[in-house]
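Got a sequence here, can you build the structure:
(2 chains)
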Amino acid sequence: MMMRIAFALILFALPVRAEIDIKEVTSAGGLRAWLVESHELPFTALEIRFEGGTSVDAPGARGAVNLMTALLEEGAGDLDAQGFARARDDLAAKFSFQAGVDSVAVSARFLTENRDASVDLLRLALVAPRFDADAVERVRGQVLSGLAADAKDPARIAGDTFDRLAFGDHPYGSAGDGTPDSVAALTRDQLLTAHRAALARDRVYISAAGDITPAELGALIDRLLADLPATGAPLPERAEWQVAAGVTVIDFPTPQSAVLFGHAGIKRDDPDFFAAYILNEILGGGRFGSRLMSELREKRGLTYGVGSYLAPMDHAELLSGQFATANASAGQAIQIVRDEWRRAATEGVTAEELAATKTYLTGSYPLRFDGNGPIASILVGLQAEGLPIDYPVTRNAKIEAVTLDDVKRVAARLLRPEALHFVVVGQPDGIAQGG
Amino acid sequence: MLRRLAFAAVAGMTFPLLAFADTVTDFRLANGMEVVVIEDHRAPVVTHMVWYRVGAADEPPGHSGIAHFLEHLMFKGTDEMAAGEFSAVVEAQGGDGNAFTSWDYTAYFQRVAADRLDLMMKMEADRMRDLQMTEDDVLTERQVVLEERSQRTDSDPGALFSEQRQAALYLNHPYGTPIIGWRHEIEQLDRADAFSFYRTYYAPNNAILVVAGDVTPDQVRRLAETHYGGLEPTPNLPERLRPQEPPQLAERRIAFADPRVAQPYVARSYLAPARDSGAQEKAAALTLLAELLGGSPTTSVLARALQFGESPKAVWTQAWYDGGALDYGSLGLAVVPIPGVDLQAAEDAMDAALARFLKDGPDPEDFARIKTQLRAQDIYARDSVDGLARRYGAALTTGLTVQDVDQWPELLQAVTSEQVMAVAQEVFDRRRAVTGWLMQQEGQSQ
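As a prediction, the model looks like this:
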């Protein structure tokens, strides 16, 4: 018992500050980037996000942005796919290109001694991808193989079903990878269109961390991006929430039910966002001690893990969660989620929960900034969310400022147990389907 | 074409191998506990890990899963802390923590602000010897582990297939038993099993402390003496003598059908040497071999032969070498055929590519390029102090020393193509391999 007292005394130790110095760099060509200089290791991590992502697919070309993005490193300029890979590997550079619902993300790591050649090569991929017929067919086959696997993956089926119910015909309502039919039908022209639509200078966020100076970064991003189109395709409209409360069961032969649930969420710039963030951490943050984890896992052993998430996307907001449980206990587990949702909506949280969660959130925040890769990734995310450059310094104060009343108010407004929709993939017991 | 020449010119890279020796310190406490300190002062953060030299391959027969089950139970409380309190305290300190189990090790870690290291050590030392748990806690947690098995293995035909292949690869060694355990054995695990395993193996003379981040060796030594120094070692700690493989004389083939399979594929694993302390040359050559064969989805031997050309056979190809083990390593190959190519044709194409490689040897440019990448990986790896901590912990629990880890990058650079061909000739023997077909329906090969 001695030990517990000792812990209590230091429970509220002050968190360390995120000791990073973020510089804003504006290039001669007018592009802006955030930079954390760090010259200990001879490499740079560069992150680029183009807003829009798979949501700017043209009508009738679902999956075009995804396939286009996958083809960027499959031949560019005078290099075919193998030539490009050899050139990249000779330089020991690492590139990755990912299409998401709201952005195309480009990540690069390159050694200082190969910086110029690495950037030239990355520029080729972004500006002059070839979309050679054989590469298109090869990568199309890989995307189709992935779609076939998704169609048999309970968690993925649950996610795709939930999105379709929630957002209907909006791009958020279908998988950005496309469908087997839509991907099979994509033409080279549609890939070229997707390239012009998705990669443009009017929608780019840039960050870097590592062995590079502001002047070097400015010149680098101009060289890298100057030849992209000035403007891309218009972004989609707001996605209206469409699904009513209820349960949708998808029959699937598996011993465990995959469950995904949620309702509408809260905007990132809502004055109550931080209160909502803390509320979600207490209710369903995917850690030990959250209410859902405690009720479903620690007390009853019904699941390996459960988490809920606030997802403020560009055109809609979600509060959703997921878990898997034996078919026999799916009904019971869903009832527990509803009960916890209702309890938090009506009662809010306790002072102890609020204090412990604030200490966790403020203490763990600076630990995220622990390397060039993580720093560059965080910085580009902050820009995409529209947050100011001093956010890493001011964020903890915003967490600290949240009061018990704030959480109670946002809980009553945000948590609507009567609006929850559950998608269950499996052969669950004890569930009445319907909305 | 100018561009290609320019790129070729940099293939002989000038950047030096960064030696890790300048940032890594190791020593031992009087009770036998090993300590490794990795300094990285870029951020005021520290990773604190305790690794035990015990894992699933050390379990008593019939009790598979006990090492992993115990890992879960380690969060259930001690004579000084209530169930769940360990994690609650770590989080109240703004930290994150968790644990993981493999065949050769079980490890516990926290990432916290550097000034919280003292408290983490205090708690980790407490649960090394003073674990307590109620019968109820044990039964509930066993349900959690069964749900974990359902989620990670039983709901995924690819995971079930991999488990069956692993079981078929070993005729006698416990590496053939899944880490999480067979379901019917997990269902029988109890509190007495867990405690017996715990008392034997969780002791300072069977543990390695790895601290990485914004600390100095002196600080760590002082704190480690305070918290871990007074713990009693286990006398007569059992030697890690697992049943060894007999001569493997017969090729094994398995076919696994599951209606949930979306994408059939063929996968083969060969038994191979692991990294051995003081003699890692073969493992280094095997690392290069796997990279050459299937390390790149575009330029590797298998990718070029099966995914490109007039009539490609495969959607994906891969090769990998796993040498981080106390007893045996393995070398794996996999081919995912394109629609219309059956598994036999995919396997034949894979074997044809392999035969050509054994005849022709590696392309010198490929060989140099892979070495360049391996060399650069060491620089990129330094960005993650967490990753470095894991590298040392895994090595020291699988029979290697700090010196072995430090020498590894140079050994990789020193590998010759003759050494690669020699290990290839040695390892590619189907009598010491299992070939598996994963498919949707029995008897259907595409």
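
Does B:Asp322 touch B:Leu286 like I think?
No. Using CB atoms under 8 Å, B:Asp322 is not in contact with B:Leu286; the gap is 9.5 Å. (Glycine included, C-beta is placed from N, CA and C.)

quick one: which of those two has more around it?
B:Leu286 (29 against 16; other CB atoms under 10 Å in any protein chain shown).

Looking at that one now. What's its pLDDT?
What the model reports as pLDDT for B:Leu286 is 98.

A:Gly430 too?
Looking at A:Gly430, the pLDDT reads 81.

Is it within a helix or a strand, and which one?
Using DSSP states H and E, A:Gly430 sits in no helix or strand.

picking that back up, which neighbours do B:Asp322 and B:Leu286 share?
B:Gly329, B:Leu331 (CB atoms under 8 Å, 6 or more residues apart in numbering or on different chains).

Give me the domain ranges for chain A.
Annotated domains of chain A cover A:23-225, A:246-426 [automatic domain parsing].

any chance of the ones you listed in JSON lines, plus mean pLDDT?
Listed next are those as JSON lines, based on pLDDT from 0 to 100:
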{"stretch": "domain A:23-225", "mean pLDDT": "97"}
{"stretch": "domain A:246-426", "mean pLDDT": "95"}
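
For those domains, give me a markdown table that also has distance to B:Phe308.
Output for the domains of chain A, formatted as a markdown table (distance: least, CB to CB, whole Å):
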| stretch | distance to B:Phe308 |
| --- | --- |
| domain A:23-225 | 7 |
| domain A:246-426 | 31 |
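
nearest to chain B, of the ones you listed?
Each of the domains of chain A has some distance to chain B by CB to the nearest CB; the shortest is domain A:246-426, at 1.2 Å.

distance between the ends of the closest one?
17 Å (CA to CA, to the nearest Å).

quick one: it near chain B?
Yes. Shown here: domain A:246-426 in contact with chain B (CB under 8 Å from any CB of the partner chain) through A:253-256, A:258, A:287-289, A:294, A:297-304, A:324-326, A:356, A:359-367, A:369-373.

where does the stretch 51-200 of chain B dip in pLDDT?
In the predicted model, the stretch 51-200 of chain B carries no residue with pLDDT under 70.

List, one by one, the residues from it near chain A.
Going by CB under 8 Å from any CB, the residues of the stretch 51-200 of chain B near chain A are B:75, B:80-85, B:87-89, B:91-96, B:111-116, B:119, B:122-123, B:126, B:139-144, B:146-148, B:150-152, B:154-155.

what about 7 Å?
Applying CB under 7 Å from any CB of the partner chain, we find that the stretch 51-200 of chain B lies next to chain A at B:80-81, B:84, B:87-89, B:91-96, B:111, B:113, B:140-141, B:143-144, B:147-148, B:150-151, B:154-155.

For residue 51, which residues count as its bridge partners?
Going with chain A. A:Ser103 (DSSP bridges).

ah, I was thinking of chain B
B:Ala107, B:Ile208.

pretty sure it is touching B:Ala395, no?
No. Between B:Trp51 and B:Ala395 there is no contact under CB atoms under 7 Å: 9.8 Å.

So for the two, which sits in the more crowded spot?
More crowded of B:Trp51 and B:Ala395, by other CB under 10 Å: B:Trp51, with 28 against 22.

who touches the more buried one in this structure?
The contact partners of B:Trp51, by CB atoms under 7 Å, 6 or more residues apart in numbering or on different chains, come to B:Tyr105, B:Ala107, B:Ala207, B:Ile208, B:Val210, B:Gly393, B:Leu396, B:Thr397.

can I get those residues in CSV with neighbour count and distance to B:Ile370?
Putting those into CSV (neighbours: other CB atoms under 10 Å in any protein chain shown; distance: CB to CB, whole Å) gives the following:
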residue, neighbour count, distance to B:Ile370
B:Tyr105, 24, 28
B:Ala107, 23, 30
B:Ala207, 29, 36
B:Ile208, 23, 31
B:Val210, 27, 29
B:Gly393, 23, 26
B:Leu396, 21, 27
B:Thr397, 25, 28
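
Name the nearest of these relative to chain A.
For those, the nearest to chain A is B:Val210 (16.0 Å; CB to the nearest CB).

Can you spell out which helices and strands pack onto the strand or helix carrying that closest one?
According to DSSP H and E, B:Val210 maps onto strand B:207-213. In this structure, strand B:207-213 packs against strand B:34-39, strand B:45-52, helix B:385-397, with contacts taken as 3 or more CB pairs under 7 Å, 6 or more residues apart in numbering or on different chains; DSSP states H and E.

which one of these is the most hemmed in?
Of all these, strand B:45-52 carries the top mean neighbour count, a mean of 27, counting by mean count of other CB atoms under 10 Å in any protein chain shown.
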